[in-house]
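sequence first, then the predicted structure, then my questions.
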Amino acid sequence: MDPMDESPPAPANVSRTPNHPRSRGGISDVQKKALRDWVRSHETRPKHTACIDWFERTYQRHINQSSVSLILSKRYDHLDAGPVSSAMRKQTPQWPVLEKELSEWLQRMQDAGRTVSGDWIIAKAREIWPRINQDDQPVPMFSQGWLTRFKNRFASRVPDGTEVEHLAAPSKSRKELNGLRAFCGEFMQEDIYSMDETGLLWRKAPFDAIQNEDQSSLDKERSRVCLIVCTNCTGGDRLPLWVVGHKETPEPLRFLNLRAIDCQWRYNQKAWISTTIMSEWLLSFYEHVGERRVLLLLDDSQAHQAAVESTPPPANVHIQIFSAQAGGVKPPLNQGITRNLKQHYRKRYLSYMVAGFQAGQSPVHTMSLYYTLSWITQIWRWDVTNATIFKGFRRSNLIEPQLSILASPKVPGMRDLYNAVIQYNQSGQPPTSLEQFLDPLGEDGDEQLNEASWPSPDSQTAELDEAFTIIPASEFLPSPQTVITGIERIMRYMDHHKIGTADQIQLLEELEIMAERDIMNSLGS
């Protein structure tokens with residue numbers, strides 16, 4: 001009787017391949033050959049204890065020293081050639097330490113009753129890899145092929161049908177949605193982020209303010225920029241807004257300190273996010289989160305998928321791409337967050353129009369991107385509440401618990417401002433309703449546009465970012481003396497206000513000194 005047949009049967013979590021030749025009930029010929037191949041791959045023959053350790057790591061079963069001696073003897077020389085070798089190369093793990101930790105984690109998840117998707121397995125493997133000190137091994141690709149081989153070795157722990165293409169969107173099934181929820185549940189709320197883009201018709205009024213003008217002027221009235229928005233689940237970490245326009249440097253932004261207002265400006269011919277812009281944004285996100293272990297939720301738009309492919313994240317950043325059309329999954333930022341941001345913007349624009357009409361001006365003609373960037377960045381910092389963000393993430397169906405009782409605060413005073421503006425309607429056409437003004441058609445019309453179909457840049461497209469009435473950028477900058485006068489007024493206000501603090505007064509004093517230095521420098525020149 002072959003001593004190998006006296007070995008205990010393999011545990012249930014070891015993949016069985018029916019076509020592989022086996023001994024009568026013990027260690028398979030495939031496993032014997034794998035051990036022989038592993039030993040022969042070393043210049044110095046490993047000790048039997050090392051062979052035992054390797055076999056246990058690889059197949060999750062223990063063999064004794066006598067079994068090792070017999071497997072390595074001439075009795076099994078025939079295994080060094082023949083059809084079994086091809087099968088064994090597919091089954092021998094190249095990264096046994098990684099797969100051992102991953103299989104143990106997978107078992108814990110299944111013991112807890114959690115459904116594990118292929119995407120989740122890939123993400124967990126990428127997280128484990130940097131911790132296991134395998135500098136002498138090549139970094140795994142974590143591809144579909146790697147996942148398939150892992151499944152074959154741990155068939156009892158990996159659910160049937162678990163597959164993943166690199167960056168593939170999850171399936172629409174309830175099972176997959178539960179898996180996504182479970183994955184999100186591995187992270188603290190402050191470590192779950194979502195990023196999305198949305199259009200903003202930054203100059204569109206509730207009625208056509210341009211009378212008897214050509215199509216290019218009408219297009220200009222409907223000028224659009226793209227806002228790139230990202231925040232964590234609690235609203236406690238809101239990344240600076242990125243704004244994508246048509247022109248490299250519109251006149252109103254020529255002297256604007258974008259760093260001071262905490263904003264990034266990018267441009268292309270469609271004023272929409274592209275793969276290049278998305279890749280650049282991802283790099284800034286990786287830098288922003290540093291070494292924290294975080295999850296970034298993205299929908300499966302073309303730009304998102306291509307950028308993640310070309311700019312993959314570090315091991316501590318997990319990116320979950322999902323289909324916005326998948327059953328039950330909703331992009332968090334689309335659940336009232338970006339809408340609230342744009343409603344606050346339109347309230348400011350309505351106030352601006354009321355003041356302009358009352359002063360005898362045409363506010364649509366004087367409106368510029370300087371005001372847009374100034375307002376939208378302030379609104380993102382101060383007016384969009386944490387409650388709005390908190391509820392938006394839970395409406396996505398990805399974050400537990402699913403709380404429907406949280407109310408997002410409404411933007412007050414909108415109806416009164418709207419009614420004040422439409423009194424100046426001279427277009428001869430009824431104004432757009434308040435609801436249509438707040439959510440205009442076509443604002444996000446290009447979000448799925450194929451970049452290959454984008455037209456070449458031209459001057460007409462670039463002009464969409466300019467004001468109708470060109471105001472030199474220098475006129476947006478008040479003189480130092482005007483600044484000093486304004487600071488002194490604010491200081492008098494704070495000196496007599498109960499909420500004033502010494503730190504606030506000292507900050508105003510520093511600003512006043514800066515303005516005085518500007519005056520002295522201008523006199524010296």
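Nice, thanks for sending it over. Residues are numbered from 1 along each chain as shown.

what about the host helix or strand of residue 489, average pLDDT?
Per DSSP states H and E: residue 489 is located in helix 480-495. What helix 480-495 shows for mean pLDDT is 92.

need the residues that contact that helix.
The contact list for helix 480-495 (CB atoms under 8 Å, 6 or more residues apart in numbering) reads 478, 500, 504-505, 508-509, 511-512, 515-516, 518-519, 522. C-beta coordinates here come from the backbone N, C-alpha and C atoms, glycine included.

recalculate using a threshold of 10 Å.
Helix 480-495 is touched from outside by 477-479, 500-501, 504-505, 507-522, with contacts defined as CB atoms under 10 Å, 6 or more residues apart in numbering.

now for the very next helix or strand once past it, which elements pack on it?
Where DSSP H and E defines the elements, the next helix or strand beyond helix 480-495 is helix 502-524. For helix 502-524, the elements it packs on are helix 480-495, judged by 3 or more CB pairs under 10 Å, 6 or more residues apart in numbering; DSSP states H and E.

what angle do the helix it packs on and helix 502-524 make?
Relative orientation of helix 480-495 versus helix 502-524 (axes from the mean of the first three to the mean of the last three CA atoms, to 10 degrees): 160 degrees.

buried stuff in helix 480-495?
For helix 480-495, a neighbour-count test (16 or more other CB atoms under 10 Å) marks 480, 483-484, 487, 491 as buried.

CA atoms only: put that helix into PDB for me.
The C-alpha trace of helix 480-495 is given here as PDB (Å, rounded to 0.1, in the frame of the first residue of the first chain):
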ATOM      1  CA  PRO A 480      -5.600  99.300  -1.400                       C
ATOM      2  CA  GLN A 481      -7.200 102.500   0.000                       C
ATOM      3  CA  THR A 482     -10.700 101.100  -0.700                       C
ATOM      4  CA  VAL A 483      -9.700  97.900   1.100                       C
ATOM      5  CA  ILE A 484      -8.400  99.800   4.100                       C
ATOM      6  CA  THR A 485     -11.600 101.800   4.400                       C
ATOM      7  CA  GLY A 486     -13.600  98.600   4.300                       C
ATOM      8  CA  ILE A 487     -11.400  96.900   6.900                       C
ATOM      9  CA  GLU A 488     -11.700  99.800   9.200                       C
ATOM     10  CA  ARG A 489     -15.500  99.600   9.000                       C
ATOM     11  CA  ILE A 490     -15.500  95.900   9.700                       C
ATOM     12  CA  MET A 491     -13.200  96.500  12.700                       C
ATOM     13  CA  ARG A 492     -15.500  99.100  14.100                       C
ATOM     14  CA  TYR A 493     -18.400  96.600  13.700                       C
ATOM     15  CA  MET A 494     -16.500  93.800  15.400                       C
ATOM     16  CA  ASP A 495     -15.300  96.100  18.200                       C
END
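
who are the contact partners of residue 330?
Residue 330 touches 299, 322, 324, 392-393, 395-398, counting by CB under 10 Å, 6+ apart.

now, of the residues you listed, which are buried?
Buried among the contacts of residue 330 by 16+ other CB under 10 Å: 299, 322, 392-393, 395-398.

any low-confidence regions in the chain?
Along the chain, the model assigns pLDDT under 70 to residues 1-26, 81-93, 111-115, 133-136, 155-175, 210-215, 324-327, 401-409, 445-460, 524-525.

let's see that with 50 instead.
1-25, 83, 85-90, 160-172, 447-449, 453, 455, 459 (pLDDT under 50).

strands of that one, start to end?
Remark: strands assigned in the chain by DSSP state E are 192-201, 224-232, 241-245, 263-267, 294-299, 317-322.

right, and the ones you listed - which one's nearest residue 360?
Nearest to residue 360, of all the strands of the chain, is strand 192-201, at 25.1 Å by CB to CB.

mind giving me the packing neighbours of that closest one?
strand 224-232, strand 241-245, helix 275-289, strand 294-299, helix 302-310, strand 317-322, helix 337-358, helix 386-395.

among those, which is nearest residue 207?
helix 337-358 (10.4 Å).

for the closest one, buried residues please.
Across helix 337-358, burial judged by 16+ other CB under 10 Å covers 337-354, 356-357.

how about stretch 511-518?
Within stretch 511-518, the residues that count as buried by 16+ other CB under 10 Å are 511-512, 515.

which residues touch it?
478-488, 490-491.

which one among those residues gets closest to residue 281?
When the contacts of stretch 511-518 are compared against residue 281 (criterion: CB to CB), the nearest one is residue 478, at 32.8 Å.

start to end distance for stretch 109-127?
Chord length of stretch 109-127, first to last residue, is 16 Å (CA to CA, to the nearest Å).

residue 493 and residue 515, how far apart?
For residue 493, the distance to residue 515 equals 18 Å [CB to CB, to the nearest Å].
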